[in-house]
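Peer 1: predicted model and sequence below, questions to follow.
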Amino acid sequence: MRSLITGITGFVGSHLAEHLLEQGAKVFGTARWRSDTANIDHLEGRIELVECDIRDSASVKKVIVDVGPEEIYHLAAQSFVPTSWRAPSETLETNIIGQVHLLEGVRDLATKPRIQIAGSSEEYGMVYDGELPIKETNPLRPLSPYAVSKVGQDLLGYQYFMTYGLPIIRTRAFNHTGPRRGSVFVTSNFAKQIADIEKKRQEPVIRVGNLDARRDFSDVRDIVRGYVLALRQGEPGEVYNLCSGRARTIREVLDILLGLSTVKVTLEQDPARMRPSDVPVLQGDYSRLRERTGWQPQIPFEQTARDLLDFWRAQP
């Protein structure tokens, strides 16, 4: 199987590459010339990197023609919600127009690879208590430019399936974390702060944002396994949630991480970590994907938290 991952140098892309290699796939991945390759350096010689900026339609088309993929996992995106408020135009261009370039490139191929569009639970946005747990049929009420961009990607995937018959499967992953998660994301940021306190690099103060928000966390290794199953066994044109089915407050996540350490800390709210508008609760229902493929999460969150903390402890 010739598998192409856009955004392979990212957190999820690196774990997806590992999983596909374990299954015997020949893995190709797109990267910009200035991309940080730290997440995939350990895979050197086992994957093939191809230079590409998804905002450049010519380079996207060239990659697709040169690689000739049998399946495409489209992960490349501006994926940090706070950045989308500071740079909404860039977020929309990268995520929506970048995907248009990918889909237009695939249209020109004689054979059509199956394509996974990596959406997000942020698409659901404002969810009311009576709508929990969230099914794929829930209304989309995005609350950030990032979420709007993901809705755009999602609906473009559906449109290209309906209009051109491209075998596109859309996924909406809820929060996921694990080793190599970027330090700007809440779980990883907490873990990094704890590790830095243990190393005496930071005073024993954890800087926090909104601790009352409730999120549905999964392990990234479960998520990438779900991506592969959804793409290969899912119904083209369909959309699938990937989640744990349980909502935890951010405070509970922090407590779990602190319980894995002996450091004593105080909490300090950082106004810079508060969002202009925040989704109060995200709790998903993954029954559609389970019924289609048998997928369900396997890694307990406590193990995810331990692996994440150990990752930051191991950093120089």
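Peer 2: Now that the structure is in, tell me what you want to look at.

Peer 1: stretch 188-207: end-to-end distance?
Peer 2: Across its full length, stretch 188-207 reaches 13 Å between end residues, using Cα to Cα, to the nearest Å.

Peer 1: can you list the buried residues in that stretch?
Peer 2: 188-198, 202, 206 (16 or more other Cβ atoms under 10 Å). No exception for glycine: its C-beta is placed from N, CA and C like everyone else's.

Peer 1: pretty sure residue 2 is touching residue 64, no?
Peer 2: No - counting by Cβ atoms under 8 Å, residue 2 stays clear of residue 64, with 11.3 Å between them.

Peer 1: where in the chain is pLDDT low?
Peer 2: 274-278 (pLDDT under 70).

Peer 1: 90 instead, please
Peer 2: Per-residue confidence for the chain (pLDDT under 90) gives these ranges: 32-35, 79-82, 85, 108-111, 128-129, 184, 209-210, 213, 268-282.

Peer 1: tell me the helices in it, going along the chain?
Peer 2: Assigned by DSSP state H, the chain shows helices spanning 11-22, 57-67, 81-86, 88-92, 98-107, 145-164, 186-198, 220-233, 250-259, 287-293, 301-313.

Peer 1: with respect to residue 119, which of those helices lies nearest?
Peer 2: Of all those, it is helix 145-164 that lies closest to residue 119, at 4.7 Å by Cβ to Cβ.

Peer 1: can you work out which other helices and strands pack against the closest one?
Peer 2: Secondary-structure packing of helix 145-164 (3 or more Cβ pairs under 8 Å, 6 or more residues apart in numbering; DSSP states H and E): helix 81-86, helix 88-92, helix 98-107, strand 114-120, strand 168-173.

Peer 1: contact partners of that helix?
Peer 2: 77-81, 83-85, 88, 91-92, 94-96, 99-100, 103, 107, 115, 117, 119-120, 122-123, 125, 140, 142, 166-168, 170, 172, 236-237, 239 (Cβ atoms under 8 Å, 6 or more residues apart in numbering).

Peer 1: buried among those residues? Make that a PyMOL selection.
Peer 2: Entered in PyMOL, the line below selects the buried ones among those, by 16+ other Cβ under 10 Å:
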select buried, resi 77+78+79+81+83+84+88+91+92+94+95+96+99+100+103+115+117+119+120+122+123+125+140+142+166+167+168+170+172+236+237+239
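
Peer 1: next, count neighbours for residue 136.
Peer 2: Using other Cβ atoms under 10 Å, residue 136 has 18 neighbouring residues.

Peer 1: with residue 119 as the reference, measure out to it.
Peer 2: Per Cβ to Cβ, to the nearest Å, residue 136 is found 10 Å from residue 119.

Peer 1: joint contacts of those two?
Peer 2: Joint contacts of residue 136 and residue 119 (Cβ under 8 Å, 6+ apart) are 172, 239.

Peer 1: follow-up on the earlier one: show me which of residue 2 and residue 64 is the more surrounded one.
Peer 2: Higher neighbour count among residue 2 and residue 64: residue 64, with 24 against 15, using other Cβ under 10 Å.

Peer 1: quick one, what contacts the more buried one?
Peer 2: Residue 64 neighbours (Cβ under 8 Å, 6+ apart): 4, 72, 102, 105, 106, 108, 109.

Peer 1: try it again with 7 Å
Peer 2: 105, 106, 109 (Cβ atoms under 7 Å, 6 or more residues apart in numbering).

Peer 1: now swap in residue 102 and tell me
Peer 2: Contact analysis of residue 102 by Cβ under 7 Å, 6+ apart lists 6, 54, 60, 74.
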